[in-house]
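[1] Dropping a prediction and its sequence here:
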Amino acid sequence: MLAGRTTTEELLAYLVAFDTTSRNSNLDLIGFVRDYLDAYGVASVIVPDETGRKASLFATIGPSGIGGICLSGHSDVVPVDGQPWTTDPFALTPRDDRVYGRGSCDMKGFVATCLAMVPEMAAAKLTTPIHLLVSYDEEVGCTGVVPAVRKLGVDLPLPRACIVGEPTSMRVVDAHKSGMAYVTTVTGREAHSSMPQLGANAIFAAAELVAELDRYREELIAAGDPSGRFDPPSTTLQVTVIDGGTAGNIVPRQCALRWNLRGLPGFDENVLLARFARFADSVVLPKLKATAPEATITTDFIYKVPPLAPQTGSEAELLAMRLAGQNRTYTVSYGTEGGHFQAQGVPTVICGPGSIDQAHKPDEYIELAQLRACEHFLRGLIAECA
C-alpha cells in the first residue's frame, strides 16, 4: 500500500493503471481506494451491484452521522478499442505540461485529486464532513451511482450539497441536458430477393422510421432553447446505430435502430415517443402486415440520464462559485450523475478539472494546471469545512 503523502499525479498513475472500461469489473480500483483511505483512518462503505462484479464506495472524512459536502466521481472509462493511441492508454505518461492516459481527464483526474487531499482533510479537524463517492457504469447510462444515491438519507448521510467532478475546466456548471436511449426493432419476413412480394422488408420500414425521426430532429432544432444557455441550442435527436439484414439475396426480416435524445431541462420525451409510436403503428406497420401479418415494430427503453436543473442560490452553487472564484454559472450538453443526486434532494453542481474536449479520444490527457486548480479548489473546501 502507498506510504506517506502521495501526490495527485502519483495517485492518478495508480488509477489509470486499472483497466476499468465499463465492460470490466472495477473492484480492484475500489479496493485500492478503500485501502488508501484506511491508511488515514477513513472508513468506507462498499455498495455492490447485483452481480458482485462492480461496486461504489462512500466515505466520510470528519464528523459522522451528519450531512456534509459530497465529492463524487466515477471510476469507469470508455473503451480504447480501435483508437490510434501513441502512448499506453493504461500507463500515465507525462509530456510537457500534460499527463496522458485513459480516464486522466474523464474522470480519474478528479478522483485522484480528491484522494491526494485526504491527508489534509483528515488533519483539518473538520466540523462539516466531506463525503467521497466513487461510482461505476457512468459511461453506460449513469446507472451505477443509483444504488448508492438511493441510500443517501437512509443508510448513508444525506449531503447538504454535492459537487460532481466531471471535466468542466473548473467552471461551475448548474445545468445539463437529460439523455435517453432507445432501440426500435422492426421484424418483417424473409424471402428470396427475386420474390420480394413474398416477404416484408424490415430495412425499408426502418428507413421510413429514420426519416420520421429526422423530421422530429428538425422540429426540435427549430424550437430552439428558450433559456439561451445551451450549445447546441436545442434538444437533440440522433440515430446512432442501424443493424439489419443477413445476406445480399435475402429480403431482410429484421432491422434495429438505436437512437437517442438529449433533452433540455423540462423536455418531456413521452410526447415524442407517443407520436413516434402512432406513426410506426398507423403508417409503417400496415405495409409490413400486408404480406407478413406477424410483423411487429417495437421500441424499447435502454437508459435515461436525468437532467440537472438550475437551483439558483443553492448551497452547492454558492459554495462552488466561491471556491472557484467565479460569479456566473455555465451549462453543458453532456449528461452526468448530477441529476440523480438532485432527484434525491441534494443540491448539486458540476465542477472538475480537464476539458470534455479531451474525453473519449485517443491520447486522452489532462493539463497539470487543471490538477493544480482542482487542488486549490479543494483546499478552499477544506478551509470552509474546518
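    On my side now, so go ahead.
[2] CA atoms for contacts and neighbours, from now on please.
    Will do.
[3] In this protein, where's the longest helix?
    helix 202-223 (DSSP state H).
[4] what distance separates that one from the centre of its chain?
    The chain centroid and the centroid of helix 202-223 are separated by 26 Å, computed with C-alpha atoms, centre = their mean, to the nearest Å.
[5] From the chain's centroid, how far away is the helix or strand that comes right after it?
    Following helix 202-223 in sequence order, the next helix or strand is strand 236-244 (DSSP states H and E). Averaging C-alpha positions (C-alpha atoms, centre = their mean) puts strand 236-244 19 Å from its chain's average.
[6] buried residues in strand 236-244?
    236-237, 239, 242, 244 (16 or more other C-alpha atoms under 10 Å).
[7] before we move on, what about stretch 315-332?
    315-321, 323-324, 329-332.
[8] Then stretch 361-378?
    361-368, 370-371, 373-375, 377-378.
[9] which two in the buried residues of strand 236-244 are spaced the farthest apart?
    Greatest spacing in these, by C-alpha to C-alpha: Thr236 and Gly244 (24.5 Å).
[10] Dump the strand or helix carrying Leu37 to PDB, keeping only the CA atoms.
    In this assignment (DSSP H and E), Leu37 forms part of helix 27-39. The C-alpha trace of helix 27-39 is given here as PDB (Å, rounded to 0.1, in the frame of the first residue of the first chain):
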ATOM      1  CA  LEU A  27     -13.400  -3.900  -7.800                       C
ATOM      2  CA  ASP A  28      -9.600  -3.800  -7.900                       C
ATOM      3  CA  LEU A  29      -9.700   0.000  -8.100                       C
ATOM      4  CA  ILE A  30     -12.300   0.200  -5.400                       C
ATOM      5  CA  GLY A  31     -10.200  -2.000  -3.200                       C
ATOM      6  CA  PHE A  32      -7.200   0.300  -3.800                       C
ATOM      7  CA  VAL A  33      -9.200   3.400  -2.800                       C
ATOM      8  CA  ARG A  34     -10.600   1.600   0.300                       C
ATOM      9  CA  ASP A  35      -7.100   0.600   1.500                       C
ATOM     10  CA  TYR A  36      -5.700   4.100   0.800                       C
ATOM     11  CA  LEU A  37      -8.500   5.600   2.900                       C
ATOM     12  CA  ASP A  38      -8.000   3.100   5.700                       C
ATOM     13  CA  ALA A  39      -4.300   4.200   5.900                       C
END
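[11] follow-up on the earlier one: tell me which of the buried residues of stretch 361-378 fall in strands.
    365-367 (DSSP state E).
[12] where does Leu257 land in three-state SS?
    Following DSSP: H, G, I helix; E, B strand; the rest coil, the label given to Leu257 is strand.
[13] From Glu120, how far off is it?
    Going from Leu257 to Glu120 by C-alpha to C-alpha, to the nearest Å gives 51 Å.
[14] in the chain, which spans are helices?
    Under the criterion DSSP H, the chain carries helices at the ranges 8-17, 27-39, 108-116, 118-123, 146-151, 202-223, 269-279, 285-289, 315-324, 338-343, 368-385.
[15] looking at those, which is buried most?
    Using mean count of other C-alpha atoms under 10 Å, the stretch among the helices of the chain with the largest mean neighbour count is helix 108-116, at a mean of 26.
[16] ok, residues contacting that one?
    5-9, 11-12, 15-16, 71-75, 103, 132, 134, 165-166, 352-354, 366, 371, 374-375, 378 (C-alpha atoms under 8 Å, 6 or more residues apart in numbering).
[17] Also stretch 216-233?
    234-238, 264, 330-333.
[18] Among those, give me the pair with the biggest separation.
    Gln238 and Tyr330 (24.0 Å).
[19] can you tell me which residues contact Leu371?
    By C-alpha under 8 Å, 6+ apart, the residues touching Leu371 are 8, 109-110, 113, 353-354.
[20] let's see it at 7 Å
    Contacts here follow C-alpha atoms under 7 Å, 6 or more residues apart in numbering; on that basis Leu371 touches 113, 353.
[21] Kindly state the pLDDT recorded for it?
    Looking at Leu371, its pLDDT stands at 98.
[22] contacts for stretch 147-161?
    Stretch 147-161 is contacted from outside by 47, 56, 65-70, 315-316, 341, 346-348, using C-alpha under 7 Å, 6+ apart.
[23] per-domain residue ranges of the protein.
    Domain assignment for the chain by automatic domain parsing gives 8-176+308-385, 179-305.
[24] pLDDT below threshold where in this protein?
    1-4 (pLDDT under 70).
[25] ok, how many other residues are close to the closest residue to Gly165 other than its chain neighbours?
    Nearest residue to Gly165, sequence neighbours excluded (C-alpha to C-alpha, 6 or more residues apart in numbering): Gly352, at 3.9 Å. Neighbour count for Gly352, taken as other C-alpha atoms under 10 Å: 29.
[26] What's the separation between Gly352 and Thr336?
    In terms of C-alpha to C-alpha, Gly352 sits 12 Å off from Thr336.
[27] Equivalent analysis for Leu132, please.
    Distance from Leu132 to Thr336, by C-alpha to C-alpha: 16 Å.
[28] Looking at these two, which is more packed in?
    Thr336 (26 against 22).
[29] Tell me which residues touch the nearest residue to the more buried one once chain neighbours are set aside, please.
    Excluding the flanking residues, the one nearest Thr336 by C-alpha to C-alpha, 6+ apart is Cys142, at 6.7 Å. By C-alpha under 7 Å, 6+ apart, the contact set of Cys142 is 305, 336-337.
[30] in the stretch 51-200 of the chain, which spans are strands?
    55-61, 69-74, 93-95, 98-100, 130-135, 161-164, 173-176, 179-187, 191-192 (DSSP state E, counting those that start in this stretch).
[31] Dump the ones you listed into CSV; add distance to Ala206 as well.
    Output for these, formatted as CSV (distance: least, C-alpha to C-alpha, whole Å):
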stretch, distance to Ala206
strand 55-61, 38
strand 69-74, 36
strand 93-95, 45
strand 98-100, 41
strand 130-135, 37
strand 161-164, 39
strand 173-176, 31
strand 179-187, 7
strand 191-192, 17
